[in-house]
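Q: Got a sequence here, can you model it:
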Amino acid sequence: VETSRFSRDTADGLTQLRTITDAGAHVLTLDGNDTRQDGNALPLTVRLAVAQEESKNKSDRIRRRKADQRANGMWTNMAPFGHTRRDDGKLVLDPVTSLVLRRICDEAIGGVGARAIAAGLNRDGVAGSRGGLWSQSTIATLLRSPVLCGWLPAHGDGSTHAVVNGAPVIVVAGPTVISVAERQQLKANEHTVTVVDRAAV
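A: Next comes the predicted model:
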């Protein structure tokens, strides 16, 4: 193995090397390091530090690229249920599953609980978002998504805002399944729907 593949963290790499040598074994890397030779300790440490820095720089580049893509309304992961992802990274509504998503939203806006919505879809033979049966948790997750009204979650915490030129903005991901007003109604119904579902248990 090359030193850069042995570990991408200097402290961790040195700890592993110490554990290996204390056990009476040694490490011989493809790039010429041999822990049996005392003179190789310094270059090995340097190479571990370089590998760590390269890994960090790569992660930073990927993070910046994805942030730029999100700021331009591009979807960087697999398309969410009800949508497809174009070659340019923009979302468009899927002609079949978006109708299922709209049905889910209509029922939830009308006050139907997530458990009842899932039961109705399963009863009608509608394929689940991942090909199996619908569940209460899947419905609840879909209903919380800001993508329903065309907003793009910019961060892992589910925030719908990105920072562009130092100011927070709502980034549009693509066409909408529901309006902003309907999303507000969904959020207003969220507690009630949960209570209804728990009462049905």
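Q: can you pull out the strands in this protein?
A: Taking DSSP state E as the criterion, the chain carries its strands at 83-85, 91-93, 161-164, 167-170.
Q: tell me which helix or strand of this protein sits lowest on mean pLDDT?
A: Lowest on mean pLDDT, DSSP states H and E among the helices and strands of the chain sits helix 3-6, with a mean of 56.
Q: Out of the strands of the chain, which gets the lowest mean score?
A: Sorting those by mean pLDDT places strand 161-164 lowest, at a mean of 65.
Q: Can you show me the helices along the protein?
A: Secondary structure of the chain by DSSP state H: the helices cover 3-6, 10-22, 41-71, 97-109, 114-123, 136-144, 180-199.
Q: If you count neighbours, what's buried in the fifth one?
A: Applying a neighbour-count criterion of 16 or more other CB atoms under 10 Å, the buried positions in helix 114-123 are Ala114, Arg115, Ala116, Ile117, Ala118, Ala119, Leu121. C-betas here are computed from N, CA, C, even on glycine.
Q: okay but the second one is in contact with Trp134, surely?
A: Put plainly, it is Arg115. No. Using CB atoms under 8 Å, Arg115 makes no contact with Trp134, being 9.8 Å away.
Q: Got the confidence number for Ala200?
A: 36.
Q: no, scratch that, I was asking about Leu48
A: 64.
Q: Ok, Asn40 next?
A: Predicted confidence (pLDDT) for Asn40: 51.
Q: go on, Gly89?
A: If you check Gly89, the pLDDT there is 84.
Q: pretty sure it is touching Trp75, no?
A: Yes. Using CB under 8 Å, Gly89 makes contact with Trp75 at a distance of 5.9 Å.
Q: These two: which is more packed in?
A: Trp75 (21 against 15; other CB atoms under 10 Å).
Q: tell me the contacts of the more buried one?
A: His83, Arg85, Gly89, Lys90, Leu91, Leu152, Ala173, Gly174 (CB atoms under 8 Å, 6 or more residues apart in numbering).
Q: Let me have those residues in TSV, adding distance to Ala25 as columns.
A: As requested, these are arranged in TSV below (distance: CB to CB, whole Å):
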residue	distance to Ala25
His83	52
Arg85	48
Gly89	48
Lys90	53
Leu91	52
Leu152	50
Ala173	52
Gly174	55
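Q: nearest to Ala108, of those?
A: Closest approach to Ala108 among these (CB to CB): His83, at 18.2 Å.
Q: what's the neighbour count on Lys56?
A: By the criterion of other CB under 10 Å, Lys56 has 12 neighbours.
Q: should've said Leu99
A: Applying other CB under 10 Å, we find 14 residues neighbouring Leu99.
Q: what does the one 4 residues further on give?
A: Arg103 sits with 15 neighbouring residues when counted by other CB under 10 Å.
Q: What's the separation between it and Val112?
A: Distance of Arg103 to Val112, computed by CB to CB, to the nearest Å: 10 Å.
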